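Peer 1: this one's structure only:
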């Protein structure tokens, strides 16, 4: 029982400090501290100016809410063994997503490999870390 209480103290303290901090992104940080968000690091500049190489984002993994144009997602690249960050351009009638990078000159996206199946979507970006 004592170990459980100690284990809960740190997350509760983190939640309290983040709420007192009062930043607009504090709720996302609380969700991250509670394990409800995952952190991913942006590699390369396919999403400039929104995200730069080295930025870290918080991602809601496994959300059931449908995707909409404008959402930014982390997805498994359909042709390479890598993850990618892209913006949903449109949702097709069959549920597949047409993904585009914000920086077309440096982006491998649906213009090259076509629409992406929903099973390849890891999660929705909810904010910067």
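Peer 2: Yep, it's here. Everything numeric in this text was worked out from a predicted model, so none of it was measured.
Peer 1: can I see the domain layout of this structure?
Peer 2: According to automatic domain parsing, the chain comprises the domains 1-36, 37-128.
Peer 1: Packed most tightly, which of those domains would that be?
Peer 2: domain 37-128 (a mean of 16; mean count of other C-beta atoms under 10 Å). In short, each C-beta sits where N, CA and C put it, glycine included.
Peer 1: rewinding a little: comparing the domains of the chain by mean pLDDT, which bottoms out?
Peer 2: Of all these, the minimum mean pLDDT falls on domain 1-36 (a mean of 64).
Peer 1: looking at this, residue 11 is in a strand?
Peer 2: No. The assignment for residue 11 (DSSP: H, G, I helix; E, B strand; the rest coil) gives helix, which keeps it out of a strand.
Peer 1: Name all residues that make contact with the closest residue to residue 92 other than its chain neighbours.
Peer 2: The shortest distance from residue 92 to any non-neighbouring residue, by C-beta to C-beta, 6 or more residues apart in numbering, is to residue 115 (5.6 Å). Residue 115 sits next to 92, 96, 97, 98, 99 when contact means C-beta atoms under 8 Å, 6 or more residues apart in numbering.
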